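S.K.: pasting the sequence and the predicted coordinates here, then a few questions.
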Amino acid sequence: MPTSTLARVAVPVPVRRTFDFLIPKDSTVSPGVRVLVPFGGRRLVGVVVATGFSSEVPRERLKSVEQVYDREPVVPGRLLETLTWAADYYHHPIGEVMHAALPFDLRRGIATRPRSRDAYRLTAQGAAYDPVLLDRAPAQKRLLQLLQHGSSSPRTAADCRTVSPSWRRAMSALIAKGLASIAQTPTELSPTSDRATPVLLNPAQRAASAQIVAALGRYRSFLLYGITGSGKTEVYLRVVNAAIERRKQALVLVPEIALTPQLIERFQHGSGSSVALFHSGMSAAERYRVWRAAASGGADVVLGTRSAIFVPLLRPGVFIVDEEHDASYKQQDGFRYHARDLALYRAKREGIPVVLGSATPALETLANAERGRHQRLELAARAGAARLPAIRMLDLRTTTAVGGVSRPLLDAMRKRIERGEQSLLFLNRRGYAPVMYCVHCQWCAHCPRCDAKLTCHRSSAQLRCHHCGHTDSMPPNCPHCGRDSLMHLGEGTQRVEQSLRAQFPQAKILRIDRDATRRKGRLEAALQQAKGGEAEILVGTQLLSKGHDFPKVTLVGVINADQGLFSLDFRAAEHLLQQILQVAGRAGRADKHGEVLIQTSCPDHPYFRSLATHDYGEFAQTALAERKQARCPPYRHFALLRAESTASGEALRFLSFARTRALSATRDMPSNGIAVMDPVPAPMEKRAGRYRAQLLLSAGYRPPLHRALERLLRDLEKSPQSRRVRWSLDVDPIDLY
Ligand code: ADP
Ligand code: ZN
Ligand code: ZN
């Protein structure tokens, strides 16, 4: 049998290419396994992306793979294809893409053999398997029998060791044959026995889930467009259960770690299946365990945040992206991927359906549904008894506000307290006040490292920069004129909390923002408390707005809705509306009717008129028309070249150079419609001591844009100018900062 003698390896270095190595005679490698390779005087762990090719490099100049870590690929074929595509699409070094996708332990060449802290269970196939068929592998046979005797509870490594000292190899073989899998842990997250009786789906839910279930087994993408509280999660549950019944696994992405406990409970109760969590708040060891459980088929459902899109599944059945519009799906540094877009591509490769769910879909997603790329499924009414809350504008020009909260809002809150209901105040600014200012000399507290003002944090008596983390102690007097004339302008969550305490001294007030919940477990505890209904008033940032179910909240107040209306960012209005509708969705989810009061200085803004009727669709039509006019996504595709330098002007100089290179890269691409803008300073030019600038490239079609980008980057990578600044490319940027 001819064995391949060359391996093409993705090495974790910031270079956009692979490297070829010889495979030693006595080893075999296949795409997706990890190898140790000599690289520039170091030894690095890389992932094989191809074998069986002929190299352009003469054999005698090729170095040899030093070690092969895996017999089975750690990155299975379709996931490997997805990652290779992503490296291309985002023009990012493939070695770094692999590095980002692998759990920590696998990045350091640790072998993937069974570990003493693992536990194992039978697969359905293993339960039905006749051990006699394993007569020629006695250790495997005895292990299988051990698992079969243990009913459904997983066996620990210690149990397995009693069967045979070489149990690890035998277990690996059983796993490879699909007879056994790694369980997550012997105790936690095992299937719950008290499976809840499923709710009766309403007709819209039934139609939606039937369509998705009918697509199991092939690629198809769905937009599940359902208003808040319309029962999208119930649809996910049905679809996931149907996949599990077909012995498939489901991957469910959510934007927030804080949402996972709530969902995990619903998935476990709703399906009686084994659900594994995967997010960045877990330790590397925990994540690795889940990763392997998923890869070996041991977890029916993997529920995770952005990076869970890289978890391999032995038997993928369906992908679900909940709150698909959420910006947290976009990685904002390094490998700047979008998990929703990767989910779409990966689902296509895996040949499975993918569901994008949202009450306020991204305009891109709506446009794609309109073009027929996604099948649109609608849930237009709230499930069960709940009705949509009434939304009203409070005109800040004609009402006075105390500490940011207007009279009518205070009155509405007082009524809720009297009735024993909860109010939720939403404000996207933490801290006490965004500005500290001297009324005498107009001095204002600025961050020395950023083009930004410092935020006052009264509780710690500090001034803090929310962009770079710089802190100063709060001066008692004006540092400039020395007078005792400092004032706080504007309000953050702490100030709103303080003024509410003065207004409602008897009420229990719970503030939920990043400052109040920094310590591990605090956010979960606070959300639990909020749901329990003990606190009469909840004050918080977007941490409170997403997906949570607060049954006793009947009033939502939006403190200042105007920030997004006049922003330079073309997506600001979309994000504003999404945020308001999401937070409004927290009101009146149970049987009590809800009300939403929005404080604004522009109550007549057309966007707010769509809000009053909960008509996100109407807003989306208007906003899409504006985007078309302004030649913005989704009608054009953007790529942003960013640069930064500690020396002022250097980043702009580099981008001017890049622009000339971009123009020459596209010169022989006639009528390609590629536009190369002038480089400009970033909207916040100085950040953390670095001066930043950006260059926007756009095109009506992706292929020519990507060809041009590829040429441009090759060119820039060779030029000495590119080594004077830090620069990176952001494909499909979601904000232009
Ligand atoms: P979404 O995910 O769309 O915000 P959920 O799935 O969380 O909505 O459902 C909102 C509430 O309605 C939940 O309390 C859920 O239990 C309930 N619910 C969902 N579907 C139904 C149904 N068919 N009948 C009764 N209640 C339902
Ligand atoms: Zn002063
Ligand atoms: Zn700063």
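M.R.: Cool, got the structure. Ligands and ions are numbered 1, 2, ... in the order given.

S.K.: show me how far the host helix or strand of N241 is from its chain's centre.
M.R.: Assigned by DSSP states H and E, N241 falls within helix 232-245. Relative to its chain's centre, helix 232-245 lies at 21 Å (CA atoms, centre = their mean, to the nearest Å).

S.K.: buried set for it?
M.R.: Within helix 232-245, the residues that count as buried by 16 or more other CB atoms under 10 Å are 232-244. C-beta: built from backbone N, CA, C; applies to glycine.

S.K.: residues contacting that helix, please?
M.R.: For helix 232-245, contacts defined as CB atoms under 8 Å, 6 or more residues apart in numbering pick out 198-199, 201, 205, 208-209, 212-213, 216, 224, 226, 249-250, 252, 263, 266-267, 270-271, 273, 300-301, 317-318, 320, 322, 355, 357, 359, 379, 383.

S.K.: again, only using 7 Å
M.R.: Taking CB atoms under 7 Å, 6 or more residues apart in numbering as the criterion, the residues outside helix 232-245 that touch it are 199, 201, 205, 208-209, 212-213, 216, 224, 226, 250, 252, 266-267, 270-271, 273, 300-301, 317-318, 320, 355, 357, 379, 383.

S.K.: and stretch 339-355 with ligand 1, contact?
M.R.: No. Judged by CB under 6 Å from any ligand atom, stretch 339-355 stays clear of ligand 1, getting no closer than 12.0 Å.

S.K.: which positions in that stretch come out as buried?
M.R.: By neighbour count on 16+ other CB under 10 Å, the buried set for stretch 339-355 is 339-350, 352-355.

S.K.: close to ligand 3: what parts of the chain are there?
M.R.: Within the chain, the residues that sit near ligand 3 (CB under 5 Å from the ion) are C447, R449, C450, C465, H467, C468, H470.

S.K.: run through the strands of the stretch 301-450 of the chain in chain order.
M.R.: For the stretch 301-450 of the chain, applying DSSP state E, counting those that start in this stretch gives strands covering 301-304, 316-322, 353-358, 375-379, 390-395, 401-402, 405-406, 422-426, 435-438.

S.K.: would you list the strands that the fifth one pairs with, along with their directions?
M.R.: By that I understand strand 390-395. strand 595-600 (parallel) (DSSP bridges).

S.K.: dump the C-alpha coordinates for the partner strand into CSV.
M.R.: Written as CSV, here are the backbone C-alpha positions of strand 595-600 (Å, rounded to 0.1, in the frame of the first residue of the first chain):
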residue,chain,number,x,y,z
GLU,A,595,-45.6,48.3,30.2
VAL,A,596,-42.5,49.8,28.8
LEU,A,597,-41.5,53.4,29.2
ILE,A,598,-38.8,54.9,27.1
GLN,A,599,-37.1,58.2,28.1
THR,A,600,-36.1,60.1,25.1
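
S.K.: which strands or helices does the following helix or strand past that strand pack on?
M.R.: Where DSSP H and E defines the elements, the next helix or strand beyond strand 595-600 is helix 606-612. Judged by 3 or more CB pairs under 7 Å, 6 or more residues apart in numbering; DSSP states H and E, the packing partners of helix 606-612 are strand 390-395, helix 572-584, helix 616-629.

S.K.: go through helix 606-612 and flag the buried ones.
M.R.: Buried, per 16+ other CB under 10 Å, within helix 606-612: Y607, F608, S610, L611.

S.K.: export those residues to TSV and tack on distance to ligand 1 and pLDDT?
M.R.: Converted to TSV, the buried residues of helix 606-612 look like this (distance: CB to the nearest ligand atom, whole Å; pLDDT from 0 to 100):
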residue	distance to ligand 1	pLDDT
Y607	22	86
F608	23	87
S610	20	86
L611	18	87
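
S.K.: isn't there a strand covering I182?
M.R.: Yes. I182: assigned to a strand according to DSSP: H, G, I helix; E, B strand; the rest coil.

S.K.: from the chain's centre, how far out does the worst-scoring helix or strand of the chain on mean pLDDT sit?
M.R.: In the chain, no helix or strand scores lower on mean pLDDT, DSSP states H and E than helix 260-271, which sits at a mean of 73. With CA atoms, centre = their mean as the basis, helix 260-271 stands 19 Å off its chain's centre.

S.K.: can you list the buried residues in stretch 403-413?
M.R.: G403, G404, V405, S406, L409, L410, A412, M413.

S.K.: who's in contact with it?
M.R.: Contacts of stretch 403-413 (CB under 7 Å, 6+ apart): 394, 396, 399-400, 423, 491, 495-496, 498-500, 503, 537, 555, 557, 559, 595, 597, 599.

S.K.: drop anything exposed from those.
M.R.: By 16+ other CB under 10 Å, the contacts of stretch 403-413 give 394, 396, 423, 491, 495-496, 498-500, 503, 537, 555, 557, 559, 595, 597, 599 as buried.

S.K.: what residues are up against G46?
M.R.: Contacts of G46 by CB under 7 Å, 6+ apart are V9, A10, V11, P12, R34, V35, V37, G95.

S.K.: which one (most neighbours) among those residues?
M.R.: R34 (28 neighbours; other CB atoms under 10 Å).

S.K.: pairing partners for it in the sheet, please.
M.R.: Note on R34: beta-bridge partners by DSSP bridges are V47.

S.K.: for it, what are its contacts?
M.R.: Applying CB under 7 Å, 6+ apart, the residues near R34 are V45, G46, V47, Y69, D70, V74, L106, G109.

S.K.: just G431 next, same as before
M.R.: T455, C456, H457, R464, G492, Q494.

S.K.: in the buried residues of stretch 403-413, find the pair that's most separated.
M.R.: G403 and A412 (16.0 Å; CB to CB).

S.K.: where does confidence bottom out across the contacts of R34?
M.R.: On pLDDT alone, G109 ranks lowest of these, at 78.

S.K.: can you tell me which of the helices and strands packed on helix 606-612 is most buried?
M.R.: helix 572-584 (a mean of 22; mean count of other CB atoms under 10 Å).

S.K.: does ligand 1 sit close to it?
M.R.: No. Using CB under 6 Å from any ligand atom, helix 572-584 never reaches ligand 1; the gap is at least 9.6 Å.

S.K.: only C-alpha atoms, please: export that helix in CSV.
M.R.: Extracted in CSV, the C-alpha atoms of helix 572-584 (Å, rounded to 0.1, in the frame of the first residue of the first chain):
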residue,chain,number,x,y,z
ALA,A,572,-26.1,51.9,15.8
ALA,A,573,-29.8,52.2,15.1
GLU,A,574,-30.2,48.5,14.5
HIS,A,575,-28.4,47.7,17.8
LEU,A,576,-30.5,50.3,19.6
LEU,A,577,-33.8,48.9,18.4
GLN,A,578,-32.7,45.3,19.1
GLN,A,579,-31.6,46.3,22.6
ILE,A,580,-34.9,48.1,23.4
LEU,A,581,-37.1,45.3,22.0
GLN,A,582,-35.1,42.7,23.9
VAL,A,583,-35.3,44.5,27.2
ALA,A,584,-39.0,45.3,26.5
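
S.K.: excluding chain neighbours, what is closest to K531?
M.R.: F550 (5.7 Å; CB to CB, 6 or more residues apart in numbering).

S.K.: who are the contact partners of that neighbour?
M.R.: Neighbours of F550 in contact, by CB under 7 Å, 6+ apart: Q422, L424, A530, K531, R586, R589.
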